[in-house]
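J.: need a 3D model of the following:
(chains A and B, ligands or ions: 1)
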Amino acid sequence: MKDKLFRDILPWVSKPIRYTGGEVNIIRKDWQESKAKMAFAFPDVYEIGMSHIGGKILYGLVNEKSQHLLERTYAPWPDMEERMREEKIPLYTLESFTPLKDFDVVGFSLQYELTITNVLNMLDLAGIPVLAEQRSDQDPLITAGGPVAFNPEPFADFFDVFLIGDGEELLLEFLDMVDQTRNLERRQRLQKMAEIPGIYVPSLYEVEYHEDGTIKSRVPLYGGVPERVRKRVIPDLDYAYFPDKPIIPYMNIVHDRAVLEVMRGCQRGCRFCHAGVVYRPVRERSLEVLKKQAELQLKNTGYEEISLASLSTLDYTGVDRLVRHLVCSYGERGIGVSLPSLRVDAFSIDLANEVQKVRKTTLTLAPEAGSQRLRDVINKNVSEEQVIEAVEAAFQSGWNAVKLYFMIGLPTETEADLEGILDLVNKVRETGQKYSRRSVEVRASIAAFVPKAHTPFQWVVQNTAGELEDKRRYMMRQKRKGIKLSFHESYTSLVEGALARGDRRLGRVIFHAWQNGCKFDSWSEYFQLDQWVQAFQACQIDMDFYTQRMRSMDEIFPWDFIDTGVSRKFLQSEYNKALQGELTPDCRIADCTGCGICSGLGVELSLKEAGDYAFKSPV
Amino acid sequence: MRLRVQYSLGPDLRFLSHLDLMHMVERALRRADIPFLLSQGYNPHIHLSLGTVLPVGLWGQQEYFDLELEEMYPQLFKQRMNEVLPPAMRIQHCRLIPLEAPSLMKLINTATYVFCITDVSKEQLNTLVRNWYESSALPVPSRGKKKDRVKDLRKGIYRININHGEDAFQLEFLVSAGEPLNIRYDELLDLISASVSPRLIVDYFRKGNYIKKKDRLYSPLEKVM
Ligand code: SF4
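T.: Down below sits the predicted model:
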């Protein structure tokens, strides 16, 4: 297969290096000697999939720490797909060029909803039945994990098993079970797996609906199948596996650098934020562990840059000491440090100055909403003064471009809030003009808010594409010098919204859309709204039911049985507080805010470097 | 000091772009803990310069790069690098060259490209080669920067050999490279494909890069000034 690929296929496709494998630090385990064989499938192109930390962790974990084997595969770009179909080359893994069909498990990483059509396409390219119910004992088990799996229901038709929560422990337990049950028939196997905490097997449940389309009940079909599935949580990151020898891709990928996961989770509690809930509670790595990891990773990769990744890196209690350590130890060798996201305060700017001693690129801040009122509604604890202060500090120390992130379509939003965005952007530019000799550019990236499951806004109505379009036009009505507004596609956000809060009945719609040629839906050049609309119509399902309906407080949601550890009561009180514009403080600083996670999951906040570090709260 | 390095880049790495190759070598230098020199200023970079670009799709038997570094035995450099490089890339030789020696890009003016062809007879190839030699012009669409032009390959082709390979014949072209006339491998491929079905051309690679002075060929390791 490899010869044919190299000779007849790869010379004719774009970016062939995506498909050759053979990277430095690749792990090729012996097939015969290995127990369970799993293909890790990322339903997007190589350069995106390879940038994802979770994949790096699981790859090293399974291959280095267990007797199982894990190989990688990514979604081929449409030109490659076409060639593969013509030449009858099934989807294969990059380690051994083995067809996916030969594996025991194919596990997909679901990072965003719209990649689901790529999942179907990849299964089809692999010659594996797309629908779970059509698979036989000989077919691999198809699994999924990742943040999207926290509402698995719209995707229930396509997966045999979902893995909910941190994968580090769960995946190995699952693979042990895969190996132990290989002689059982599929249904029995799945039943055994459902007993492992954190595993959800959709085919073992039945859902009934009320006449109005909402859920009446969902019941396990067999004894021993749990009613609720609780997410798995790694209590202490210091003892969790992290790869010291990640694969170094040949091609330039999106995040092409060494990476440290300084912490997992975020406790700020922004009310729109899905990640903030599903990755709770905050768990930090200690400085010593991180220093060691940095050293080994840089030694084993030769990377010229190291990045501190996490949901809100600047909240890591040891961040200033870590950054100083990295700059001191590696700066002279030409190795740079990068901070992916900056908090809106002067401390962040100081630290960013530290790492960017030479190159001042664009400063990125996320106030998310334009007015103080709306920022209180979403619990984004940032004031206009803080934004201006941060920008002042930045311009004074030589930056000259700012990018601001906002959302439109947030609950309770009015015209005044849109004006607020424009005002704030203007003020930022004026501040810049004051301190910078060159002309200053301010860009605002404006995304459409999509209500997500498990968040305080899970009940609310999403803006229609028309409403979003009106808002866009309103904000663009006059040109402003030195200011650039860019808007995300409003149509993709509708489909994303339907899937994010969808139920099992959407499986048919997804299947239909894929059959109509939908793929790479998160790429605007491939997203086909008309095909999705048509798919909804053909299945006689009303998209508005999922996006345009204010849900009642006691409605049973499709995702209710997935237990994130955060209580529904807490979400509801957060929603009520949002309507009052009341803030909920960060529980690292103030008292426990009662979200329920620590007592519920038997874990606790794990702040490693808080002792001698005065937490600088923007509140 | 400045080191000139000769290496091979096997078929497994044929789809690397020039930039990919650069990154790969830079990262290998770091892993091998080579005392390379960094440029001063804004965005410090390693003083590494690769010879003529090896196009995506092509592998190479004798390629070159130059590197500036602190004192180090060339043999140790070779050994440490080969420990960390992917197996498909091997460093073959290296030698010290004067700091002021001209760059590889300036020196290299000739290259050999080899095309492996199956299911043809020696006679067929002989006839082909004879025809090419006898033509006064060999026009093909230019694949270089001036895309819409027609390029005449004839005066850039110095010699064509036919060799017996393992299970294919090898057509070996010695051609002009760099300035003023750069003959590209894909232009040669077009030339051959006009008479031989592309399916029969099962492999191609660059065999070497040379410095042609009058009628003699030198390797960039031999002739550094
Ligand atoms: S800071 Fe807010 S938006 Fe960012 S991860 Fe934390 S909760 Fe989510």
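J.: who touches A:Gly224 in this structure?
T.: With contact taken as C-beta atoms under 8 Å, 6 or more residues apart in numbering or on different chains, A:Gly224 is in contact with A:Gln191, A:Ala194, A:Glu195. Using the backbone N, CA and C atoms, a C-beta is placed for each residue, glycine as well.
J.: so it: helix, strand or coil?
T.: Following DSSP: H, G, I helix; E, B strand; the rest coil, the label given to A:Gly224 is coil.
J.: with A:Phe97 instead?
T.: Counting by three-state DSSP, the backbone at A:Phe97 sits in coil.
J.: is it true that it touches A:Asp3?
T.: No - here A:Phe97 does not reach A:Asp3: they are 9.7 Å apart, not a contact under C-beta atoms under 8 Å.
J.: which of those two has more residues huddled nearby?
T.: The residue with more neighbours, out of A:Phe97 and A:Asp3, is A:Phe97; 17 against 10, by other C-beta atoms under 10 Å in any protein chain shown.
J.: pick the one among the contacts of A:Gly224 closest to B:Asp186.
T.: Lowest distance from B:Asp186 to the contacts of A:Gly224 (C-beta to C-beta) belongs to A:Ala194, with 56.2 Å.
J.: what sits closest to the closest one if chain neighbours are left out?
T.: With C-beta to C-beta, 6 or more residues apart in numbering or on different chains as the criterion, A:Ala194 has its nearest non-adjacent residue at 4.4 Å, and that residue is A:Val201.
J.: which residues does A:Arg505 contact?
T.: A:Cys539, A:Ile541 are the contacts of A:Arg505 under C-beta under 8 Å, 6+ apart.
J.: how is chain B partitioned into domains?
T.: Following automatic domain parsing, one finds the domains of chain B at B:2-101, B:108-218.
J.: which stretches of the stretch 501-619 of chain A form helices?
T.: Remark: helices assigned in the stretch 501-619 of chain A by DSSP state H, counting those that start in this stretch are A:506-515, A:529-538, A:543-547, A:568-580, A:597-601.
J.: and the closest residue in space to A:Gly596 that isn't next to it in sequence, how many neighbours?
T.: Computed as C-beta to C-beta, 6+ apart, the closest residue to A:Gly596 that is not its neighbour in sequence is A:Ser567, at 3.7 Å. The number of residues packed near A:Ser567 is 16, by other C-beta under 10 Å.
J.: cool, the one 10 residues further on as well?
T.: Counted by other C-beta under 10 Å, the residues lying close to A:Lys577 total 17.
J.: tell me which residues touch it, please.
T.: By C-beta under 8 Å, 6+ apart, the contact set of A:Lys577 is A:Asn379, A:Leu583, A:Thr584.
J.: quick one: the second one and A:Ser383 touch, right?
T.: No - between A:Leu583 and A:Ser383 there is no contact under C-beta under 8 Å: 11.3 Å.
J.: before we move on, the earlier item: and the gap between the residue nearest to A:Ala194 and A:Val355?
T.: The spacing between A:Val201 and A:Val355, counted by C-beta to C-beta, to the nearest Å, is 46 Å.
J.: between those two, which one's more packed in?
T.: For A:Val201 versus A:Val355, neighbours defined as other C-beta under 10 Å are more numerous around A:Val201 (28 against 18).
J.: chain neighbours aside, what residue packs nearest to the residue of the stretch 101-250 of chain A found nearest the ligand?
T.: Nearest to the ligand, among the residues of the stretch 101-250 of chain A, is A:Pro147, at 11.4 Å (C-beta to the nearest ligand atom). In this structure, A:Pro147 finds its nearest non-sequential neighbour in A:Val278, 5.6 Å apart by C-beta to C-beta, 6+ apart.
J.: what's the local residue count around that neighbour?
T.: By other C-beta under 10 Å, the residues close to A:Val278 number 25.
J.: find the closest residue to chain B in the stretch 1-150 of chain A.
T.: Chain B sits closest to A:Pro16 of the stretch 1-150 of chain A, with a gap of 4.1 Å, by C-beta to the nearest C-beta.
J.: does that residue touch A:Arg7 like I think?
T.: No - A:Pro16 is not in contact with A:Arg7 according to C-beta under 8 Å; the separation is 11.7 Å.
J.: right, and A:Gly198 touches A:Val233 too?
T.: No - counting by C-beta under 8 Å, A:Gly198 does not reach A:Val233; the two are 9.0 Å apart.
J.: joint contacts of the two?
T.: Here A:Gly198 and A:Val233 have A:Gly165 as joint contacts, going by C-beta under 8 Å, 6+ apart.
J.: of the contacts of A:Gly224, buried ones?
T.: Neighbour counting with 16 or more other C-beta atoms under 10 Å in any protein chain shown marks A:Gln191, A:Ala194 as buried within the contacts of A:Gly224.
J.: show me the contacts of A:Gly224 that map onto helices.
T.: Cross-referencing the contacts of A:Gly224 against helices under DSSP state H gives A:Gln191.
J.: give me the distance between A:Phe536 and chain B.
T.: Relative to chain B, A:Phe536 is positioned 41 Å away (C-beta to the nearest C-beta, to the nearest Å).
J.: the residue lying closest to that residue once chain neighbours are set aside and the ligand: what is the separation?
T.: Closest residue to A:Phe536 apart from its sequence neighbours, by C-beta to C-beta, 6+ apart: A:Met543 at 5.0 Å. For A:Met543, the distance to the ligand equals 26 Å [C-beta to the nearest ligand atom, to the nearest Å].
J.: again, but for B:Arg31
T.: According to C-beta to the nearest ligand atom, B:Arg31 and the ligand sit 34 Å apart.
J.: contact partners of the helix or strand where A:Leu418 lies?
T.: Assessed by DSSP states H and E, A:Leu418 sits inside helix A:415-435. Helix A:415-435 has contacts (C-beta under 8 Å, 6+ apart) with A:367, A:369-371, A:373-374, A:384, A:387-388, A:391-392, A:395-396, A:400, A:402, A:404, A:406, A:408, A:410, A:439-440, A:442, A:444, A:446, A:471, A:474-475, A:480, A:482-483, A:485.
J.: so, low pLDDT: which residues of the chain?
T.: Unless you meant another one, I'm taking chain A. For chain A, applying pLDDT under 70 flags the ranges A:341, A:346, A:356-361, A:611-619.
J.: um, chain B though
T.: B:42.
J.: more neighbours: which of A:Pro16 and A:Arg7?
T.: Set A:Pro16 next to A:Arg7 and count neighbours by other C-beta under 10 Å: A:Pro16 wins out with 21 against 14.
J.: the spatially closest residue to B:Leu9 that is not a sequence neighbour in helix, strand or coil?
T.: The shortest distance from B:Leu9 to any non-neighbouring residue, by C-beta to C-beta, 6+ apart, is to B:Gly60 (4.8 Å). Of the three states, B:Gly60 takes strand under three-state DSSP.
J.: how near is B:Gly60 to A:Asp423?
T.: With C-beta to C-beta as the criterion, B:Gly60 and A:Asp423 are 59 Å apart.
J.: so the closest residue to the ligand within chain B, which state does it fall into?
T.: At 29.9 Å from the ligand, B:Asn43 is the closest residue in chain B, using C-beta to the nearest ligand atom. What three-state DSSP gives for B:Asn43 is coil.
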